[in-house]
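> sequence? don't have it. structure:
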């Protein structure tokens, strides 16, 4: 049977031009692409000819010319008729030894294989483009890990929201959604990238609307002093959709950290609140002094004093707590609705906090005085409790130090 050359690929400069264009526009290495085409053609040829011969295909990087070679293993005894060659026969072509390999070019190929070869090259190129795009997207979003992205809701499935990021899709799981927010089709918002996973298909980008660092990144976008490093966000405590407390600190004594975050007429914090769909934000001054920090964290309530006390917990172990005293009329404000203000303050400062009214502190002092034998012997009048309370209250600054 007469064999014809692969006319489709013998002098295919168009294919080489296409590969070079892909290399420029997609960032795919042209050499890698050609190697992939060569391997795919060898595999396709073996499948087409139903042969088990060792095949190698070479493509000229300048002309696109394709050459096919059969590989022979040099042996002293034939085991594989298709792939083995005796040493004495091989030495007619080259000075070789047993264990060497020789390549023999096949000048003629089946005519019908030309169409298969062209189709194979096309499929390899398309697949490599897809692979390169996946790698590129993976690289982009691995670099955006712990950053903010802009998304548009494209579909909702089983309580999961899928966002269009422009070049790929992001997943907003149910647990990362703010309960008070509703996500409709074409709804636009910012989200925090908390995980990126490589898969056999498209990479999976997971985003969050509840992560505390979403608030941090939003302030970084709004406040130049944070971007420059003058103002630092020290701690964040958040109950998504309801309230966030953020502690900030300025390394420059001339820059007011809280003022910088609030902005002129509150514009900066308002922009963050708007993106968070009305979530309330308390901005407080961070302090290395625990008592001062705890006092600020309970804002907007006024705090009379903060004492560090050692108590016995339910397991019989001793633990350190902060006992915060507030005016009686500030107790509800300090605790907050359903304990939210106190809960966020404890989370922000990483302290266990007990809040008591001033009347309770007076009762504690009274019990201590009445249990003091020396005071009983002195017959100290109960009216002196007021003076003692004032004395203790004036020690606040000493306690804080």
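Cool, the structure landed. For clarity, every value in this text was computed on a predicted model and none was experimentally measured. Numbering: from 1, shown residues only.

> is it true that residue 162 touches residue 153?
Yes: here residue 162 lies in contact with residue 153, judged by CB atoms under 8 Å, at a distance of 7.4 Å. C-beta coordinates here come from the backbone N, C-alpha and C atoms, glycine included.

> Show me which helix runs longest in this protein.
helix 113-143 (DSSP state H).

> Now do the same contact list for residue 355.
Contacts for residue 355 (CB atoms under 8 Å, 6 or more residues apart in numbering) come out as 298, 324, 326, 331, 334-335, 342.

> can those go into TSV with extra columns for distance to residue 259?
Below are the contacts of residue 355 laid out as TSV (distance: CB to CB, whole Å):
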residue	distance to residue 259
298	20
324	26
326	25
331	29
334	24
335	28
342	26
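
> most surrounded residue in those residues?
For the contacts of residue 355, the largest number of neighbours (other CB atoms under 10 Å) sits with residue 298, at 29 neighbours.

> circling back: what packs against the very next helix or strand once past the longest helix of the chain?
Sequence order places strand 148-157 as the next helix or strand after helix 113-143, per DSSP states H and E. Contact partners of strand 148-157 among helices and strands, from 3 or more CB pairs under 8 Å, 6 or more residues apart in numbering; DSSP states H and E: strand 160-164, strand 169-172, strand 188-197, strand 204-208, helix 212-222.

> before we move on, the earlier item: right, and out of the contacts of residue 355, which lies closest to residue 96?
residue 342 (85.8 Å; CB to CB).

> Specify the angle between the helix or strand that contains residue 20 and helix 113-143 in degrees.
Assigned by DSSP H and E, residue 20 belongs to helix 13-26. Angular relation of helix 13-26 and helix 113-143 on a 0 to 180 degree scale: 10 degrees, by axes from the mean of the first three to the mean of the last three CA atoms, to 10 degrees.

> where does the stretch 1-150 of the chain have low pLDDT?
For the stretch 1-150 of the chain, applying pLDDT under 70 flags the ranges 1-12, 107-114.

> What count of nearby residues applies to the nearest residue to residue 236 once chain neighbours are set aside?
Among residues not flanking residue 236 along the chain, residue 212 sits closest, at 4.4 Å (CB to CB, 6 or more residues apart in numbering). Neighbourhood size, residue 212 [other CB under 10 Å]: 17.

> swap in the one 5 residues further on?
The criterion is other CB under 10 Å. On that basis, residue 217 has 19 neighbouring residues.

> Correct me if wrong: it contacts residue 148.
Yes: the criterion here is CB under 8 Å, and residue 217 meets it with residue 148 at 4.6 Å.

> okay, and the common contacts of these two?
residue 192.

> who touches residue 297 in this structure?
Residue 297 makes contact with 245, 247, 284, 344-345, 348-349 under the criterion CB under 8 Å, 6+ apart.

> how about the spatially closest residue to residue 302 that is not a sequence neighbour, phi and psi?
Among residues not flanking residue 302 along the chain, residue 330 sits closest, at 5.2 Å (CB to CB, 6+ apart). The phi/psi pair for residue 330 (degrees, to the nearest 10) reads phi -110, psi 0.

> Report the separation between the closest residue to residue 23 other than its chain neighbours and residue 277.
Once flanking residues are discounted, residue 23 sits nearest to residue 30: 4.1 Å by CB to CB, 6+ apart. Distance of residue 30 to residue 277, computed by CB to CB, to the nearest Å: 49 Å.
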